[in-house]
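[1] Give me coordinates for this.
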Amino acid sequence: MKVIISPDSFKGTMSSVEAAATIEKAIKQICETIETVCLPVADGGEGTLDALVAATNGKFVETTVCNPIGCEIQARYGVLGDGKTCVIEMAQASGITLLSKEERNPLKATTFGTGQLIDHALREGYRHFIIGIGGSATNDAGLGMLHALGVKFLDKALQPLPIEVSSLEKLHRIDTSEMNELISQSHFTIACDVDNPLVGERGATAIFGPQKGVMPEQIKQFDEYLICFADVVEKEIGIRLHDYPSAGAAGGIGGALKAYFPSTFKKGIDVVLEALQYDEHLQNAQLVITGEGKSDIQTLAGKAPMGIALKAKEYNVPTVLISGVIDEAATNELQQLFAHVISVVGDDITPKESIGDPAKCLQERVQKAFQTIL
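    Predicted coordinates:
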């Protein structure tokens, strides 16, 4: 019997890699002869880098970059086991978790560090990229990223503008003549699960700005900054980012990637499954186990476990969902998608115990459930 083990992270307690190892250990204690394949997953946001590197026996590359407010930090990107595909999480350099609440300042925060990661990988020889653009602290339309890659932002006098979002109100020209030429020789797959346009009621600022520190009275002003950027892009290269789907992702970096990179946007879990060559693994599998910290109605909206179940269904392989907590309101719908829906918390395991020793509790629940499944 071949079992594929593909949990997402149990946020706050275990990474997807740790959860997969725990589930595998529990299964092997029941029956050592069961073939297990650990393919931990993520949905394109934080955790994607670790999951893909672990599942493909890849490696990490570390370098010095600037965090969102310009302080030097150590960040890393990944190279998959094929030795060719580079995985970059913008959260490594430009993530909101890199800043304290007091440090969050969307007027100053830029994506410069993300550009530095891309530039480093290009110069190391990589030409195939997966870019995860979730969890950013920025609302700069990719201004910093582009600048790190050689793009200049000029005013009417053709003088360089400071690299901060308020400069965009004076933007007259975007000079790409010195942009890293290796970009045009590469391809970028963008893991993105939102379709928000750059500006407007569903735009980058209105929807995502407040969590990054944009005050309600600032939303209109930030939108005007991004409109200035989009106006110049449209004038110069004919791409209208204002209402372009996904251009508003991660503070507008989605728009910059659409406009200036050879790129393809895909749902995060689809990008991950493709990188893991998941179809090949499913061809002779009998069972898939997935899970996450909490499964609820949002799981059905396209989170990683749903993507796993839908892919497994293509090969008539049943999928078991084992999550830390299962929302009762979503149980019936989840049972339509998964062969078994199992909560770690419940019966003899309390929420406090599950948080206190997550690996032990997950292992116990998997062993008990798997005996029934077998």
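[2] Can you pull up the most central residue in the chain?
    Closest residue to the average C-alpha location of the chain: residue 45 at 1.8 Å, with C-alpha atoms, centre = their mean.
[3] Helices of the stretch 1-150 of the chain, start to end?
    16-30, 48-55, 91-94, 112-123, 143-148 (DSSP state H, counting those that start in this stretch).
[4] buried ones in the third one?
    Residues 91, 92, 93, 94 are the ones in helix 91-94 that count as buried (16 or more other C-beta atoms under 10 Å). All C-beta spots, glycine's among them, are computed from the backbone N, C-alpha and C.
[5] Give me the packing partners of that helix, helices and strands only.
    Under the contact criterion of 3 or more C-beta pairs under 8 Å, 6 or more residues apart in numbering; DSSP states H and E, helix 91-94 touches strand 72-79, helix 112-123.
[6] ok, and which of the ones you listed has the densest surroundings?
    helix 112-123 (a mean of 23; mean count of other C-beta atoms under 10 Å).
[7] Quick one, which of the helices and strands packed on helix 91-94 gets closest to residue 352.
    strand 72-79 (34.1 Å; C-beta to C-beta).
[8] before we move on, back to that, let's have the buried residues of helix 91-94 in a markdown table, adding pLDDT.
    Shown next, in a markdown table, are the buried residues of helix 91-94 (pLDDT from 0 to 100):
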| residue | pLDDT |
| --- | --- |
| 91 | 93 |
| 92 | 96 |
| 93 | 97 |
| 94 | 97 |
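[9] Looking at the residues you listed, spot the one nearest residue 108.
    Nearest to residue 108 among these is residue 94, at 12.4 Å by C-beta to C-beta.
[10] for that closest one, what are its contacts?
    67-68, 109-114, 136-138, 144-145 (C-beta atoms under 8 Å, 6 or more residues apart in numbering).
[11] repeat for residue 257
    Neighbour list for residue 257: 131, 133, 142, 188, 190, 263 [criterion: C-beta under 8 Å, 6+ apart].
[12] Could you identify which of those residues has the most neighbours?
    Ranked by the number of neighbours (other C-beta atoms under 10 Å), those place residue 142 first, at 31 neighbours.
[13] ok, for that one, nearest residue in space, not its chain neighbours?
    Distances taken as C-beta to C-beta, 6 or more residues apart in numbering place residue 256 nearest to residue 142, at 2.6 Å, with adjacent residues excluded.
[14] quick one: that neighbour and residue 225, what's the gap?
    As judged by C-beta to C-beta, to the nearest Å, residue 256 and residue 225 stand 14 Å apart.
[15] Neighbour count: the two, which is higher?
    Each of residue 256 and residue 225 has its neighbours counted (other C-beta under 10 Å); residue 256 has more, 29 against 24.
[16] these two touch, right, the more buried one and residue 144?
    No. Using C-beta atoms under 8 Å, residue 256 is not in contact with residue 144, being 9.5 Å away.
[17] overlap in contacts of those two?
    In contact with both residue 256 and residue 144: no residue, using C-beta under 8 Å, 6+ apart.
[18] Turn the helices of the stretch 1-150 of the chain into TSV, columns for distance to residue 353.
    Shown next, in TSV, are the helices of the stretch 1-150 of the chain (distance: least, C-beta to C-beta, whole Å):
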stretch	distance to residue 353
helix 16-30	15
helix 48-55	26
helix 91-94	30
helix 112-123	39
helix 143-148	44
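[19] Of those, give the one that comes closest to residue 338.
    The closest of the helices of the stretch 1-150 of the chain to residue 338 is helix 16-30. By C-beta to C-beta, the value is 15.0 Å.
[20] so what does that closest one touch, helix or strand wise?
    Counting contacts by 3+ C-beta pairs under 8 Å, 6+ apart, helix 16-30 packs against strand 2-5, strand 35-38, helix 48-55, helix 358-373.
[21] Other residues contacting that helix?
    With C-beta under 8 Å, 6+ apart as the test, helix 16-30 has contacts from 3, 5-10, 14, 34, 36, 38-42, 47, 50-51, 54, 289, 291, 322, 359, 362-364, 366-367, 370-371, 374.
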